[in-house]
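Peer 1: I'd like to go over a predicted model; first the sequence, then the structure.
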Amino acid sequence: MNDLSSSARLAGKRILLGVTGSIAAYKAGEVVRRLREAGAEVRVVMTAGAMEFVQPLTFQALSGHPVHRDLLDEGAEAGMGHIELARWPDAILVAPASADFLARLAQGRADDLLAAVCLASTVPLAVAPAMNAKMWENPATADNVRTLAGRGVVLLGPAAGEQACGETGAGRLLEPPALVAGLGELFESGLLAGRRVIVTAGPTREAIDPVRYLGNRSSGRMGFALAEAAAEAGAQVTLISGPVSLETPRGVTRVDVESAREMLEAVLAALPGSDVFVGAAAVADYRPVAVAADKIKKSAERLTLELERNPDILAEVKRRHPEIFCVGFAAETTDLERHAREKLARKGVDLIAANWVGPAAPEADGVFGSETNALRLFWPDGEAALPLASKARLARQLVEHVATRLEAFRQGHDARGKVLPFSGTRDEGRGTR
Ligand code: C5P
């Protein structure tokens, strides 16, 4: 397990804070402040009830962004409409969540912006109830809370104590530090606790002469998101990256390399004792046979570069370490499934995450460098689809699959990776709330 505290996991996360009508709405300002202190980016959605208690300007000043409030606001729809807003965050926290809001959420209503965003979003959702003790104890509220918990909504609180209305009992909003810590825990699945994971990411550069190289457009985002998701799932992660302009995710050990051969060397050095290898790098297939010692001058009309094959890192890892669960990527412009399955077999790996690239991409804005993607996963006896989402969310879903398949893989192999007479089970894609 790596050693991040739960609120440290909020660094770089996008948190949508929903504020509903409760006297505790004033405490939500402190929640925004603490979330930002923890390094999160925060956007606030207020219900009409919330605005009876606190001015939107308060949250605008604290979050650094205008507050979202109307479902059918032409200006807002042009800027960030409810669907876009639903896709934006890594998690949603509704604090305080009134009895009325919990009821609307349980019914799946979309009659104001916050309810519509919660309905349209697939990211983890936490609610922090705040209401009069009798309202909290009412069987109607209890039913709603049970329904929500059954759908995977995380309940933070309420706390018990003296209430603004003069009653004593359960129904107080949990204090902001506890809310922030509770939210951070959403990013700690523990699914890969104790596992060692190696991830390659980014492009490689193959030198032509001292100043020029062959490269590609890989941004490294998917690999970095995977490294982050694996670390959040409790793994010890080594990220071996080609040249990219991305920050190292918290808790991840990073090794920078340039060429494919350097990447292979770094991977082989890090591999012993690892459980999972994820090849997310866009490794150059070829490199110049000879690297010119001096800068090549432009004298000839034509210049021919002779290229030779680079090692296939992913295939090499699996060949040397069949006991390591290996995940590869396949970016395809045609026949996605056929190419992905062919790659799965040829490289002998355990899981392939395939996506469309180029103008024919039917679902993603699927080009290198984009924030979103959609993936289809293939393994020897099954497949699953991960629909269009942020790369961070896809990475978390992929990590869940890896954790599940890793268990089946472990049961089917002895310590040296020899396949035992057991074929694993076919399972379907598992969604996450
Ligand atoms: O064969 P192709 O390049 O399409 O395979 C893509 C997968 O193989 C990716 O997971 C990539 O990281 C890995 N790969 C590799 N070394 C190479 C080429 C690809 O590890 N030389």
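Peer 2: The structure has been received and is ready for your questions.
Peer 1: and the next helix or strand past the worst-scoring helix or strand of the chain on mean pLDDT?
Peer 2: Least confident element among the helices and strands of the chain, by mean pLDDT, DSSP states H and E: helix 74-80 (a mean of 59). Later in the chain than helix 74-80, the nearest helix or strand by DSSP states H and E is helix 82-87.
Peer 1: which intervals of the stretch 1-150 of the chain have sub-threshold pLDDT?
Peer 2: For the stretch 1-150 of the chain, the stretches with pLDDT under 70 are 1-5, 73-79.
Peer 1: could you redo the last one with a cut-off of 90?
Peer 2: 1-9, 11-13, 70-84, 87, 90, 122-123 (pLDDT under 90).
Peer 1: try the stretch 301-433 of the chain
Peer 2: Across the stretch 301-433 of the chain (using pLDDT under 90), the flagged ranges come out as 332-334, 356-374, 387-394, 396, 407-408, 410-433.
Peer 1: tell me the residues on it that lie near the ligand, please.
Peer 2: Within the stretch 301-433 of the chain, the positions adjacent to the ligand are 310, 312-314, 328-330, 343 by Cβ under 6 Å from any ligand atom. C-betas here are computed from N, CA, C, even on glycine.
Peer 1: which of those residues fall within helices?
Peer 2: Among those, the members found in helices (DSSP state H) are 313-314, 343.
Peer 1: ends of stretch 322-337, how far apart?
Peer 2: Start to finish, the residues bounding stretch 322-337 are 24 Å apart (Cα to Cα, to the nearest Å).
Peer 1: can you list the buried residues in it?
Peer 2: Neighbour-count burial for stretch 322-337, with 16 or more other Cβ atoms under 10 Å as criterion, is recorded at 322-332, 336.
Peer 1: tell me if I am right that Ala128 is in a strand.
Peer 2: Yes: counting by DSSP: H, G, I helix; E, B strand; the rest coil, Ala128 is part of a strand.
Peer 1: what is the burial count for it?
Peer 2: Burial of Ala128 is recorded as 28 neighbouring residues (other Cβ atoms under 10 Å).
Peer 1: repeat for Glu301
Peer 2: Other residues within reach of Glu301 by the criterion other Cβ under 10 Å amount to 5.
Peer 1: so where does it fall, helix or strand?
Peer 2: Applying DSSP H and E as the criterion places Glu301 outside every helix and strand.
Peer 1: mind giving me the domain ranges of this protein?
Peer 2: For the chain, the structural domains run 7-185, 196-291+306-412, going by automatic domain parsing.
Peer 1: the ligand contacts on the stretch 151-300 of the chain?
Peer 2: In this structure, the stretch 151-300 of the chain approaches the ligand at residues 200, 260, 279-281, 283, 285, judged by Cβ under 6 Å from any ligand atom.
Peer 1: so Leu386: helix, strand or coil?
Peer 2: Going by three-state DSSP, the secondary structure assigned to Leu386 is strand.
Peer 1: secondary structure element holding the nearest residue to it once chain neighbours are set aside?
Peer 2: Sequence neighbours aside, Leu375 is the residue nearest to Leu386 in space, at 4.4 Å (criterion: Cβ to Cβ, 6 or more residues apart in numbering). Under the criterion of DSSP H and E, Leu375 resides in strand 372-379.
Peer 1: what's that strand in contact with?
Peer 2: Applying Cβ atoms under 8 Å, 6 or more residues apart in numbering, the external contacts of strand 372-379 come out as 87, 222, 336-337, 340-341, 344, 350-356, 363-366, 383-391, 394, 398, 401, 405, 429.
Peer 1: again with stretch 99-113
Peer 2: With contacts defined as Cβ under 8 Å, 6+ apart, stretch 99-113 is touched by 18, 20-21, 45, 47-49, 68-71, 82, 85, 94, 97, 114-116, 118-120, 127, 129, 131, 135-136, 138, 140-141, 143-145, 147-148, 153.
Peer 1: what's the ChimeraX line that selects buried ones from the contacts of strand 372-379?
Peer 2: What follows is the ChimeraX syntax selecting those of the contacts of strand 372-379 that are buried according to 16+ other Cβ under 10 Å:
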select :87,222,336,340,341,344,350,351,352,353,354,355,356,364,366,383,384,386,389,390,391,394,398,401,405
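Peer 1: which of the contacts of strand 372-379 fall in strands?
Peer 2: 351-356, 383-390 (DSSP state E).
Peer 1: and the two most separated of these?
Peer 2: The most widely separated members of the ones in strands among the contacts of strand 372-379, counting by Cβ to Cβ, are Glu383 and Ser390 (22.0 Å).
Peer 1: can you flag the buried ones in the contacts of stretch 99-113?
Peer 2: For these, a neighbour count by 16+ other Cβ under 10 Å gives the buried set as 18, 20-21, 45, 47, 49, 68-69, 71, 82, 85, 94, 97, 114-116, 118, 127, 129, 131, 135-136, 141, 144-145, 147-148, 153.
Peer 1: just the angle between the strand holding Leu375 and strand 351-356, please?
Peer 2: Relative orientation of strand 372-379 with respect to strand 351-356: 140 degrees, computed using axes from the mean of the first three to the mean of the last three Cα atoms, to 10 degrees.
Peer 1: neighbouring strands for strand 372-379, and are they parallel or not?
Peer 2: Strand 372-379 has the following strand partners under DSSP bridges: strand 351-356 (antiparallel), strand 382-390 (antiparallel).
Peer 1: select, out of those strands, the one closest to Ser245.
Peer 2: Going through these one by one, with Cβ to Cβ as the measure, strand 382-390 comes closest at 18.7 Å.
Peer 1: send me the closest one as CSV with only the CA atoms.
Peer 2: Extracted in CSV, the C-alpha atoms of strand 382-390 (Å, rounded to 0.1, in the frame of the first residue of the first chain):
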residue,chain,number,x,y,z
GLY,A,382,-14.3,-12.4,-22.6
GLU,A,383,-14.8,-8.7,-23.4
ALA,A,384,-16.3,-5.5,-22.0
ALA,A,385,-16.9,-2.0,-23.3
LEU,A,386,-16.0,1.2,-21.4
PRO,A,387,-18.0,4.0,-22.9
LEU,A,388,-16.8,7.5,-23.6
ALA,A,389,-15.5,9.1,-20.4
SER,A,390,-12.6,11.1,-19.1
